[in-house]
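Participant: predicted model and sequence follow; I will ask about them next.
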Amino acid sequence: MDLSNTIRLGGQALPEGILVKGPKYTVIAYRDKSDEIDFVSLEWNFKFFDYLRKIPLIRGLIAIIETFSLSIKSIFVMAEISDDEFDLDSIYFKLFIGLMFVAVIFLTLGIIIFIPKLTSGFITNYFLLNTSLKVWIELLLRFSIFFFYIFLYRFFEIWEKKNVSVSRS
């Protein structure tokens, strides 16, 4: 199978539809009030980030920024489709996106960086351990947080599959 001509697609569920993201366009499909499936196409590209995507340490942060921005934008597009009282170009929308982005970054940095660092410092100071053990304790805490996240993700994924009810009409 020749994979040189394949297109990478991604997607997510929205409250009133689905989102499919391609390399250049994003399509939001939804069911309108007359029970027909309609869609909105958005041109969504981050040309500014193309150069930065080649840097290994920054690549993940860029993916978080893109996914978060696209998610918020698509939720507000769906809100505008279902309710015509929302303005995407308003200063409040831009302020909300900015505040949510800052909150996501601080939450991510707090969980991944600061909690293990502060906890390992407390443990080494409280038990009067060697400071070289602080790095190993911090590493162990970061791995524990990571594996706990994977466990929670798998747990909720399995739980959702077991509790799915299918209704046939």
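Facilitator: Sure, I can see it.

Participant: and for Lys134, nearest residue in space, chain neighbours not counted?
Facilitator: Nearest non-adjacent residue to Lys134, counting by CB to CB, 6 or more residues apart in numbering: Thr124, 4.5 Å away. (Each C-beta comes from the backbone N, C-alpha and C, glycine too.)

Participant: which residues does that neighbour contact?
Facilitator: Residues in contact with Thr124 (CB atoms under 8 Å, 6 or more residues apart in numbering) are Asn130, Thr131, Leu133, Lys134, Ile137.

Participant: among those, who's most crowded?
Facilitator: Ile137 (19 neighbours; other CB atoms under 10 Å).

Participant: any buried residues in whatever helix or strand it lives in, and which?
Facilitator: For Ile137, the element it lies in under DSSP states H and E is helix 132-162. For helix 132-162, the neighbour count (16 or more other CB atoms under 10 Å) marks Lys134, Ile137, Glu138, Leu141, Arg142 as buried.

Participant: and of the residues you listed, the nearest to Arg31?
Facilitator: Nearest to Arg31 among the buried residues of helix 132-162: Arg142, at 43.0 Å, using CB to CB.

Participant: for the closest residue to the closest one other than its chain neighbours, helix, strand, or coil?
Facilitator: Distance criterion CB to CB, 6+ apart; nearest residue to Arg142, sequence neighbours excluded, is Pro116 at 4.9 Å. Look at Pro116: counting by DSSP: H, G, I helix; E, B strand; the rest coil, its state is helix.

Participant: what are the ranges of the helices in the chain?
Facilitator: Taking DSSP state H as the test, the helices found in the chain are 56-82, 91-109, 115-126, 132-162.

Participant: can I get the shortest one as PDB, trimmed to CA atoms?
Facilitator: Spelled out, it's helix 115-126. Extracted in PDB, the C-alpha atoms of helix 115-126 (Å, rounded to 0.1, in the frame of the first residue of the first chain):
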ATOM      1  CA  ILE A 115       3.800  19.900  41.600                       C
ATOM      2  CA  PRO A 116       6.600  17.300  41.100                       C
ATOM      3  CA  LYS A 117       9.300  19.900  41.700                       C
ATOM      4  CA  LEU A 118       7.700  21.300  44.900                       C
ATOM      5  CA  THR A 119       6.800  17.800  46.200                       C
ATOM      6  CA  SER A 120      10.200  16.400  45.600                       C
ATOM      7  CA  GLY A 121      11.800  19.400  47.300                       C
ATOM      8  CA  PHE A 122       9.500  18.900  50.300                       C
ATOM      9  CA  ILE A 123      10.300  15.200  50.500                       C
ATOM     10  CA  THR A 124      14.100  15.700  50.300                       C
ATOM     11  CA  ASN A 125      14.000  18.600  52.900                       C
ATOM     12  CA  TYR A 126      11.600  16.800  55.300                       C
END
